[in-house]
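> here is my input, please return the structure:
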Amino acid sequence: MSTDAYHHWQELQVSRPGDVPPATPLTWLAQKHQQHADRLTDRLLPAGAPHDAAPATAADALAVLALREAVCREMEHGRGMYLFDALRLGATWNEAAAALDLTPDQARDVLRAWAEGQRHLYAASEERGEQPLGLGPQEHAAVLALTGLADDEPVAPRRSGTAGA
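Numbers count the residues shown, from 1 in each chain. Okay, the predicted model is just below:
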C-alpha cells in the first residue's frame, strides 16, 4: 500500500469493523489497536504517574473493539486460502488440520467453504463485467478435488522451508 494510504489510515477514526478498508495490512491494524489500548491502559496508572498518551475516551474503547473484530475477520477469511497453499505445497490433511487445531474432516470443511466463497466471488465479479476475482469453474473443481486426498497423502512434493522438510 502507498504512503498516502498509510497516512489516510493513521488519520482514520475506527469505531466499527466496516471502517477498516479492505486489504489493510495486519501490522497497521495492530499498530492502531495498540495506540488506543495504550490510552486505555494509561488510565489505570496511579495518579501523578508520568504518561504521554492523551486521556482515554469511549472512542478508544470502541476502536479497540472494532479493530479486534476486524483482525478476527481478516484472520478467519485467510484460513481457507492458506490451507489451500499448505496443501498444494505438500502438506497433508493431517498436518494442515493440526495447524488449525481441527480434525482433517473439519479442515476439509474449511477448504470447501473457502472454495465456495471464492466461486461466488468469481461469478459476481464476472456478472458485473469486472475482471473476475476468485475461483473459476475449473479452479474451483481442482480445489475441491483436494478434499478427496487421504489424510496422509500430499498433493505435491514438499518445497523447501515447509514444516517437516
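
> show me what contacts Ala54?
With contact set as CB atoms under 8 Å, 6 or more residues apart in numbering, Ala54 has these partners: Arg39. All C-beta spots, glycine's among them, are computed from the backbone N, C-alpha and C.

> any idea how far the nearest residue to Leu12 once chain neighbours are set aside lies from Gln118?
Nearest non-adjacent residue to Leu12, counting by CB to CB, 6 or more residues apart in numbering: Asp19, 6.8 Å away. Distance, Asp19 to Gln118, using CB to CB, to the nearest Å: 25 Å.

> okay, these two: which has more neighbours?
Set side by side, Asp19 and Gln118 show unequal neighbour counts under other CB atoms under 10 Å, the larger going to Gln118 at 20 against 14.

> which strand or helix spans that one?
Secondary-structure assignment from DSSP states H and E places Gln118 in helix 104-127.

> using PDB, write out every CA atom in that helix.
Coordinates of each C-alpha in helix 104-127 appear next as PDB, following Å, rounded to 0.1, in the frame of the first residue of the first chain:
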ATOM      1  CA  PRO A 104      -8.900 -33.500   8.800                       C
ATOM      2  CA  ASP A 105     -12.600 -33.600   8.000                       C
ATOM      3  CA  GLN A 106     -13.100 -30.200   9.700                       C
ATOM      4  CA  ALA A 107     -10.200 -28.800   7.800                       C
ATOM      5  CA  ARG A 108     -11.800 -30.100   4.600                       C
ATOM      6  CA  ASP A 109     -15.000 -28.200   5.500                       C
ATOM      7  CA  VAL A 110     -12.900 -25.100   5.900                       C
ATOM      8  CA  LEU A 111     -11.400 -25.500   2.400                       C
ATOM      9  CA  ARG A 112     -14.900 -26.300   0.900                       C
ATOM     10  CA  ALA A 113     -16.400 -23.200   2.500                       C
ATOM     11  CA  TRP A 114     -13.500 -21.000   1.200                       C
ATOM     12  CA  ALA A 115     -13.700 -22.500  -2.300                       C
ATOM     13  CA  GLU A 116     -17.500 -21.800  -2.400                       C
ATOM     14  CA  GLY A 117     -16.900 -18.200  -1.300                       C
ATOM     15  CA  GLN A 118     -14.200 -17.800  -4.000                       C
ATOM     16  CA  ARG A 119     -16.500 -19.300  -6.600                       C
ATOM     17  CA  HIS A 120     -19.300 -16.900  -5.700                       C
ATOM     18  CA  LEU A 121     -16.900 -14.000  -5.800                       C
ATOM     19  CA  TYR A 122     -15.800 -15.100  -9.300                       C
ATOM     20  CA  ALA A 123     -19.400 -15.400 -10.500                       C
ATOM     21  CA  ALA A 124     -20.400 -12.000  -9.000                       C
ATOM     22  CA  SER A 125     -17.500 -10.100 -10.500                       C
ATOM     23  CA  GLU A 126     -18.000 -11.700 -13.800                       C
ATOM     24  CA  GLU A 127     -21.700 -10.800 -13.700                       C
END
